[in-house]
Each structure stands twice: as C-alpha cells, then as structure tokens.
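A.B. asks: sequence and predicted structure, then a few things I'm wondering about:
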Amino acid sequence: MIKSYNLPYGEEKLTFQFPDEIEMQSIKPNKISVIEDYEAEFRSILNDPIGSPPLKDIVSQGETVVIIVSDITRSAYKTDRYLPVLVDELNQIGVPDEDITIVISTGTHRSHTAEEDEVVVGSEVYNRVKVENHDATAEDLVYLGESSRGTEIAVNRTVYEADRIILTGGIVYHLLAGFGGGRKSIMPGICGYDSIQQNHSLALKDIDSSGVNPQVKTGVLDGNPVAEDMFEIAEKVNPDFMINVVVNDNKEYLAMVAGDLNKAFKRGCKMVEQAFGIPVETKSDLVISSCGGYPKDIQLYQSVKGLNNAGYAVRDDGVIILCSKCSDGGGPDNFMKWFDYSGVDNLREALKEDFTIAGFVALRAVSIASKANVILISDLADEVIENAGMIPAQTPKEAYQKAEEILNGVETVTLMPQGSLTFPLIEE
C-alpha cells in the first residue's frame, strides 16, 4: 500500500508517496485560538502588564516618548493595528502627539520610503506623530561604553534623549538570537553598525564543527552569547515598557504580552514554544520540509528558515528534501555570493572579516549541508543549487529516489509542511 502526502510548493502542491512500511511523523503547528478582539486585549495588557506597573503609572504628563517599531521586513506583526490605541493611551496620560516620536528599528537595513513608513505604522498614526528611521551609520549616535563581552554600545540619539522608551515588535524563533523580538528592538534595531557587527560576530567565537558557537541556535537564550549580549545592551538603554505579539501564519494575533523587557519577553517566548515548538521523539533518516508555499518560498534566502528547522529533526548523515520553488531566484546578491566560498571553514573566515546576517544564513545552510545531504526541489538552475552545496531534483519522485540511494533505504520520515514556522523539540 502507498501513502500519499501533499506539501505546499509555491502556489501548488507537491505529492510525495511512501511505502506503507515507512515510519512517518509530521510536525505541524499546534492549534491555538486567535485573539478576536485585539483592541480589548491590547488595553488589558497595558493595564495589567507582566513584571511592571501599568503604562499609565510609568509615563507622566510633560514627558517625551519614543515608540520603537519594527521595519517593513517585520510587517507580519501588524503593529499598525494597535498603534492608534497606544497613541490614544499616551494622549489620555497627558502626552500629546507632538511629544511622541516613532523610531523605525531598521538595524542595518535600508531606510524606508515614506509609503513604507505609512504601511508599518498605519495611516492614522503616520498623519499624527513624527516618524524617523534609524540610521546605523549616523554621526550623532550616542556611545554608552562596552558590554561585558566587549561590544561597543552606540545607540540612536532620538531614543537616548527621550524621557520614556516603549518597545514594540513580534516574537518568533530566530536562528541567531534564539528568539526574535524583545531586546532586538534595541540590538540590532537602533544600534550603530559596528555595534551590530560586534554583537553578531559573537556567533563565530568558541565554535564547534558547525562553524558556529554551539549555543547560538534556534530557541536558545541562556548561554547564547549573542542573545545574552543583546539583553545586556538593551538593559543599558533601559526601555520603560515592552509590547510584543505572537502571530500565526495568517498574521492573526495568538498572544500579546506587555511590561518588563525580560519577564514579558520570556513569557512571549513560552507562547511561541506552545504554538510552534513541536515535540519529536527521535530524529529521522529523511526530513521533507516545505517552507509553506508562496510567498515564504519565493527565494532560497527566505527558505533557509525551513532548512534550519529541518536540520534539528534529521539524524547525522541523513537526508533533507527542501521544497522551495524559488520563483524569484536564490535571493539578494549579498546572500548568494557567500556560497562562492568553499566549505564551512572558508565561509566562516570570510564572515569574520565582514559579518552580515545574509552571510550567517548562508553559513547555516552550508553547515547543515555538511552534516546531512540536502536535496532541493526548486526552479533554480542545477549549477546554482550545487554551488550552495545541495543536490538538485525536479520532482518529489526523483528527490525520494535520490534519498533512497544516499541512505541505502529509508526507514523513518518526518514531514514538515510548515517548515519555516514549526520547530522540532527533540525529546532527549
């Protein structure tokens, strides 16, 4: 008997077929109820926050307030939905619109266009309060010394000079920082270029065979030098209040947390684990990961999330089949160029000289491909796939046949139909 499974691929489905004797397991998001009345929930968390007084007891009339907001690359958090409620709350406290500034936490990303600013903060707020984009190379950054790990702390002047600082954002699994959100609004969000490079480069110290510090991995905060350095730098800036959300694949709110930077953030991380952390008993011979289809798989760069998560579910020397249509190609030039370095060691050494997130993502992909065989089903040319250290395949049947040949037979398979979203928690 043959078992068939469909996985998202672009705007289509790929059908994989397996003999009945294959041991199968599937990693899917847990079913978590969405927040229906998000405005009511938002007001509730402002008045009953985690580990801090209510916002109205922190901010006073006559003070200036900066709200730090994630850039367009994090628009899935839908900050524009609740910003009007936040600004209205500040008005009621006694802070008028002219004393509120939104700073877009671009990190090392490019500045927004005016249209993108309006998308991120919403038309109402965009027309009411001042919106600035952080510039990591600005000449007027404020120097606050060094972290205990030697990272220079240079931060946005507008943020530094504000009487009160409110962070917003979203919490997700993150392959470098353990989890996104929280303190990342500060580091890298509103820090200087050199500060960001030094923080991120901590991933390349005290490395193991993967080319990366073994504590720098998805879902790990404690002991992760990058994450711990971020916390320390954020505490130096001393934000007054944090608001973060957890969203599902449809950009619907699953959770909202507010209050103390560390306590509220860690509560949000637990909620991410409950929604997207899936217990798995054992690692499999073969993991088949779909990034979730369009638009998550339009480039290889975006699809490394699905590859990264699959890497935690596959046994050493096993096989990963990554389903990523890559209709827009491999990704930006500053990503694909890193695959021209031959192997983990050479790529890591180049990354030490000029650290970029794109380079780290490439290093993670190459590292996974050095420990497991990665077969890629995509629209990319074979030579592009091979240059990235992967094996090209055109169809599910061809990919599975190649996996069988590599493994000399397949006994266990894990399916990840939402591989970019779900994270396997191996029960050890």
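C.D. replies: Cool, the structure landed.

A.B. asks: which positions in stretch 320-332 come out as buried?
C.D. replies: Residues I320, I321, L322, C323, S324, K325, C326, G329, G330, G331 are the ones in stretch 320-332 that count as buried (16 or more other C-beta atoms under 10 Å). For glycine as for every other residue, the C-beta is placed from the backbone atoms N, C-alpha and C.

A.B. asks: and those residues, which is the shakiest by pLDDT?
C.D. replies: Here the lowest pLDDT out of the buried residues of stretch 320-332 sits on G331, with 83.

A.B. asks: please work out how many residues are found near the nearest residue to that one once chain neighbours are set aside.
C.D. replies: In space, and not counting its chain neighbours, G331 is closest to Y301: 2.9 Å by C-beta to C-beta, 6 or more residues apart in numbering. Residues lying near Y301 (other C-beta atoms under 10 Å) number 22.

A.B. asks: separation between Y301 and E252?
C.D. replies: 25 Å (C-beta to C-beta, to the nearest Å).

A.B. asks: now swap in H109 and tell me
C.D. replies: In terms of C-beta to C-beta, H109 sits 25 Å off from E252.

A.B. asks: before we move on, what about V142?
C.D. replies: Applying C-beta to C-beta to V142 and E252 gives a distance of 38 Å.

A.B. asks: likewise S209?
C.D. replies: S209 is 40 Å from E252, by C-beta to C-beta.

A.B. asks: the more surrounded of those two?
C.D. replies: The residue with more neighbours, out of S209 and E252, is E252; 16 against 11, by other C-beta under 10 Å.

A.B. asks: residues touching the more buried one, list them.
C.D. replies: By C-beta atoms under 8 Å, 6 or more residues apart in numbering, the residues touching E252 are V34, I35.

A.B. asks: any idea how far it lies from F265?
C.D. replies: E252 is 21 Å from F265, by C-beta to C-beta.

A.B. asks: repeat that for K205.
C.D. replies: 24 Å.

A.B. asks: now swap in A350 and tell me
C.D. replies: Counting by C-beta to C-beta, the gap from A350 to F265 is 33 Å.

A.B. asks: neighbour-wise, which of the two wins?
C.D. replies: F265 (26 against 17).

A.B. asks: quick check, pLDDT for the residue nearest to that one when sequence neighbours are not counted.
C.D. replies: Sequence neighbours aside, G182 is the residue nearest to F265 in space, at 3.3 Å (criterion: C-beta to C-beta, 6+ apart). pLDDT, G182: 95.

A.B. asks: burial of G182, as a residue count?
C.D. replies: G182: 28 neighbours (other C-beta under 10 Å).

A.B. asks: pretty sure I321 contacts Y400?
C.D. replies: Yes - with contact defined as C-beta atoms under 8 Å, I321 counts as touching Y400 (7.3 Å).

A.B. asks: helix or strand right after the helix or strand of the chain with the lowest mean pLDDT?
C.D. replies: In the chain, no helix or strand scores lower on mean pLDDT, DSSP states H and E than helix 333-336, which sits at a mean of 86. Heading C-terminal from helix 333-336, the first helix or strand you meet, by DSSP states H and E, is helix 343-353.

A.B. asks: please name every helix or strand in contact with that next one.
C.D. replies: Contacting helix 343-353 under the criterion 3 or more C-beta pairs under 8 Å, 6 or more residues apart in numbering; DSSP states H and E are the following elements: helix 357-371.

A.B. asks: nearest residue to the middle of the protein?
C.D. replies: H174 (4.1 Å; C-alpha atoms, centre = their mean).

A.B. asks: on contacts alone, who are the packing partners of the helix or strand hosting Q302?
C.D. replies: In this assignment (DSSP H and E), Q302 forms part of helix 300-311. Packing partners of helix 300-311 (3+ C-beta pairs under 8 Å, 6+ apart): strand 284-290, strand 314-323, helix 333-336, helix 357-371, strand 412-416.

A.B. asks: rebuild these as a markdown table, extending it with distance to V131.
C.D. replies: Shown next, in a markdown table, are the helices and strands packed on helix 300-311 (distance: least, C-beta to C-beta, whole Å):
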| stretch | distance to V131 |
| --- | --- |
| strand 284-290 | 37 |
| strand 314-323 | 38 |
| helix 333-336 | 27 |
| helix 357-371 | 24 |
| strand 412-416 | 38 |
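
A.B. asks: out of the ones you listed, which is the most enclosed?
C.D. replies: strand 284-290 (a mean of 28; mean count of other C-beta atoms under 10 Å).

A.B. asks: any idea of the angle that one forms with helix 300-311?
C.D. replies: Interaxial angle, strand 284-290 versus helix 300-311 (axes from the mean of the first three to the mean of the last three C-alpha atoms, to 10 degrees): 150 degrees.

A.B. asks: then strand 284-290 to PDB, C-alphas only?
C.D. replies: Taking C-alpha atoms only, strand 284-290 is exported to PDB below (Å, rounded to 0.1, in the frame of the first residue of the first chain):
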ATOM      1  CA  SER A 284      14.600  10.700  11.200                       C
ATOM      2  CA  ASP A 285      16.600   9.300   8.300                       C
ATOM      3  CA  LEU A 286      14.700  11.700   5.900                       C
ATOM      4  CA  VAL A 287      13.100  15.000   6.700                       C
ATOM      5  CA  ILE A 288      10.900  16.700   4.000                       C
ATOM      6  CA  SER A 289      10.500  20.300   4.700                       C
ATOM      7  CA  SER A 290       8.200  22.800   2.800                       C
END
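
A.B. asks: partner strands of that strand, with direction?
C.D. replies: Paired neighbours of strand 284-290 in the sheet (DSSP bridges): strand 314-323 (parallel), strand 412-416 (parallel).

A.B. asks: could I get these as JSON lines with distance to S367?
C.D. replies: Shown next, in JSON lines, are the strands paired with strand 284-290 (distance: least, C-beta to C-beta, whole Å):
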{"stretch": "strand 314-323", "distance to S367": "12"}
{"stretch": "strand 412-416", "distance to S367": "19"}
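
A.B. asks: mean pLDDT lowest where, among the helices and strands packed on helix 300-311?
C.D. replies: helix 333-336 (a mean of 86).

A.B. asks: centre of the chain to that one, how far?
C.D. replies: Relative to the chain's own centre, helix 333-336 is displaced by 18 Å; criterion: C-alpha atoms, centre = their mean, to the nearest Å.

A.B. asks: neighbouring contacts of that helix?
C.D. replies: L300, Y301, G330, T356, A358, G359, V361, A362, V384.
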